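Undergrad: Everything below, folded, please.
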Amino acid sequence: MPPTTRSSGRSVTDAPNWATLLAHWRTGPGPLHTRLSAALRACIHAGNLGPGDALPAERTLADLLLVSRSTVVTAVETLEEEGWVTRRQGSGTHVAATAPRRAEVLTLRSPVPHPRSNAADRGALSASTVPAELDLTIAVPSLTEPQRQQLQAASADAFWDSLYYPLGLPELRARLAAQYTQSGLPTTPEQIIITNGAQQAISVIAQVFLRRGDVALLETPTYFGAIDVFRAAGATLLGVPVSPDGMQAEAFADALRSGSPRLAFLTPTFQNPTGTVLSAQTRERLAQQIMDTGLPTIEDDTLIDLGFIRPGGGTDRLPPRLSAYVPESSVINVGSLSKLYWAGLRVGWMRAPRPLLAQLAQAKTLADFGSSLPAQAIALNLLADLPGLRQARRAAVTPARDLLVRLLREHLPDWSFTVPAGGQFLWIELPTPHVTAFTLFAQSYGLRLFPGASMGVEPLPDTFLRIPFTLPTEHLPEAVRRLAQAWQAYRARGGAARLA
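TA: Here you go, the predicted model:
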């Protein structure tokens, strides 16, 4: 793989993209070809596919959807007769120029939303009840009953203030600044901006520094939320491959020279999704390169507190943050409580160097006049015991990781992965070049899976799965049982089943 690769637009070979577009195509009425033509028609009508966009080759689409080629041919012929697509031998099938022209809708590289049970249903389920569908796409911790009680206690004084604080509750900004300073990154309260989760922080930063056509530099694979934000901003994405030791400083330097990026996004600690941790030496070199170029760079801190407990107790000592080497350079740290505690709280933040503060503060103020005060007050009370939050989270996630590792090695020994020292998922390589097709196949076994190729800045080999260990531990054995059952059936069909 070359050190840097520019991403292109929608590709007919982008299997994860098409899997997202057609994730629920089987749920409609009628025979399979009718359901498929309806799903493709809906994509065109909604603006997910625009005039001139190419459809995959019939055999490629059949392999992805696990149907016969005749099913795809019949579906496409129906669309051609209705005027939605044009077909020419040698040039393939394209959305017709006369198809409805709608505003383009971004095909998000994130798990497809699906209905959730209501509160009454959740209350009726015991902790040991395994859902009919196990969701292995969402990597956020479940809220426990002790945490619910803790949240109630932390919200006791959350409703006394009615002022706007566009940049965040002053007490919360001061507490976060003190925590950054204590960890080795000198920070004042004025350098902290509170956001609605880390995702809003990334969006605000992209709004400030990216214009359509600019180059954004990211690791590949990387967090799909950042990919989506930068694509929506109209940026050209430039990927730097992540090796087993993390991103290499030499490859980053090459990308700086060849791409002239305007913004970078890096996760030095427990990289999402590979779990790698950059060495102190690599961080120092990257920090120097960033300082020399003045490149605005997002350092994603959202997983930094999720180091695992070692067998003898304690956790591995982490290198300093990237920004700690250049505190007043152009590195913007982004963090949140979503991974450490609960995603529903929607409290995140950024720590910005002073030269960039004015632009970021203006963009955040224009976005919403300030984040929820009750949520910030709750976060302030929770963070009073940050060591306790870390300890509780590590105590929950470490045995879950160990259990998932043991079960996978026992039931799926041909799946390959490195056990990470932190984070919340395994980055697993499967002995097939069609993992995306397997994720669709596994839906019939009550599994929602996320193909690792969806986390690539440019097309990645379709050989990886990202599987979190954030499910309740009592559900993990059933999840692996279904994975093994689905994998056995998938391989027995030659890895490209024909279901119609």
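Undergrad: The longest helix along the chain: how far from the chain's middle?
TA: Secondary structure of the chain per DSSP state H: the longest helix is helix 386-411. Computed by CA atoms, centre = their mean, to the nearest Å, the separation of helix 386-411 from the middle of its chain amounts to 20 Å.
Undergrad: next SSE after that helix?
TA: Counting by DSSP states H and E, the element after helix 386-411 in chain order, helix or strand, is strand 425-429.
Undergrad: How confident was the prediction at Thr20?
TA: Predicted confidence (pLDDT) at Thr20: the value is 80.
Undergrad: Could you report the distance from it to Met247?
TA: Noted for Thr20: a distance of 26 Å to Met247, by CB to CB, to the nearest Å. The way it works is simple: take the backbone N, C-alpha and C, and place the C-beta from them, glycine included.
Undergrad: try Val72
TA: On the measure of CB to CB, Val72 and Met247 end up 39 Å apart.
Undergrad: quick one: buried residues of the longest helix of the chain?
TA: 389-390, 392-394, 396-398, 400-404, 407-408, 411 (16 or more other CB atoms under 10 Å).
Undergrad: what do you get for stretch 327-336?
TA: So for stretch 327-336, counting by 16+ other CB under 10 Å, buried means 327, 329-336.
Undergrad: I'd like those residues as TSV, with secondary structure, distance to Leu66 and pLDDT appended.
TA: Below are the buried residues of stretch 327-336 laid out as TSV (DSSP: H, G, I helix; E, B strand; the rest coil; distance: CB to CB, whole Å; pLDDT from 0 to 100):
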residue	secondary structure	distance to Leu66	pLDDT
Pro327	coil	53	92
Ser329	coil	50	92
Ser330	coil	47	96
Val331	strand	45	97
Ile332	strand	43	98
Asn333	strand	43	98
Val334	strand	39	98
Gly335	strand	41	97
Ser336	strand	37	96
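Undergrad: returning to what we had before: among the buried residues of helix 386-411, which one sits closest to Thr297?
TA: Arg390 (25.5 Å; CB to CB).
Undergrad: what does the model give the residue nearest to that closest one when sequence neighbours are not counted for pLDDT?
TA: Excluding the flanking residues, the one nearest Arg390 by CB to CB, 6 or more residues apart in numbering is Asp305, at 5.0 Å. pLDDT, Asp305: 92.
Undergrad: how about Asp305, what does it touch?
TA: Applying CB atoms under 8 Å, 6 or more residues apart in numbering, we find Asp305 in contact with 339-340, 389-390, 393.
Undergrad: in what helix or strand does it lie?
TA: Here Asp305 is assigned to no helix or strand, by DSSP H and E.
Undergrad: out of Thr20 and Met247, which sits in the more crowded spot?
TA: Ranked by neighbour count (other CB atoms under 10 Å), Thr20 and Met247 place Met247 first, with 26 against 20.
Undergrad: Including distance to Gln147, could the buried residues of stretch 327-336 go into CSV?
TA: Shown next, in CSV, are the buried residues of stretch 327-336 (distance: CB to CB, whole Å):
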residue, distance to Gln147
Pro327, 34
Ser329, 37
Ser330, 37
Val331, 32
Ile332, 29
Asn333, 25
Val334, 23
Gly335, 19
Ser336, 16
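Undergrad: which one of the residues you listed sits closest to Pro355?
TA: Distance to Pro355 across those (CB to CB) is lowest for Ser330, with 7.5 Å.
Undergrad: wait, doesn't the closest one sit right on Leu357?
TA: No - the criterion here is CB atoms under 8 Å, and Ser330 misses it with Leu357 at 11.7 Å.
Undergrad: circling back to that earlier point, closest to Thr236 out of the contacts of Asp305?
TA: The closest of the contacts of Asp305, once distances to Thr236 are taken by CB to CB, is Lys339, at 29.1 Å.
Undergrad: thought the closest one was touching Leu303?
TA: Yes - counting by CB under 8 Å, Lys339 touches Leu303, with 5.7 Å between them.
Undergrad: Spit out the residues that contact the two alike.
TA: When contacts are counted by CB under 8 Å, 6+ apart, Lys339 and Leu303 are jointly contacted by Gln424.
Undergrad: how much does the longest helix of the chain deviate in direction from strand 425-429?
TA: With axes from the mean of the first three to the mean of the last three CA atoms, to 10 degrees applied, the angle from helix 386-411 to strand 425-429 works out at 30 degrees.
Undergrad: same for helix 386-411, what does it pack against?
TA: Judged by 3 or more CB pairs under 8 Å, 6 or more residues apart in numbering; DSSP states H and E, helix 386-411 is in contact with strand 425-429, helix 476-492.
Undergrad: As TSV, those with mean neighbour count, distance to Asn272 and mean pLDDT would be great.
TA: Putting those into TSV (neighbours: other CB atoms under 10 Å; distance: least, CB to CB, whole Å; pLDDT from 0 to 100) gives the following:
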stretch	mean neighbour count	distance to Asn272	mean pLDDT
strand 425-429	21	8	95
helix 476-492	17	20	96
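Undergrad: out of the ones you listed, which comes closest to Ala54?
TA: Across those, closest to Ala54 is helix 476-492 (CB to CB), at 27.6 Å.
Undergrad: Can you tell me which helices and strands that closest one packs against?
TA: Applying 3+ CB pairs under 8 Å, 6+ apart, we find helix 476-492 packed against strand 134-135, helix 386-411, helix 435-441, strand 447-448.
Undergrad: so Arg212 sits in a strand?
TA: No - in this structure, Arg212 is coil, not part of a strand, as judged by DSSP: H, G, I helix; E, B strand; the rest coil.
Undergrad: Go ahead and confirm it touches Gly234.
TA: Yes - checked against CB under 8 Å, the pair Arg212 and Gly234 is within contact range at 3.2 Å.
Undergrad: From Leu79, how far off is Leu40?
TA: Counting by CB to CB - Leu40 and Leu79 are separated by 6 Å.
Undergrad: Which one of the two is surrounded by more residues?
TA: Set Leu40 next to Leu79 and count neighbours by other CB under 10 Å: Leu40 wins out with 26 against 23.
Undergrad: Between Arg212 and Gly234, tell me which one has more neighbours.
TA: Set side by side, Arg212 and Gly234 show more neighbours around Gly234, with 12 against 8, by other CB under 10 Å.
Undergrad: Three-state assignment for that one, please.
TA: Going by three-state DSSP: Gly234 is coil.
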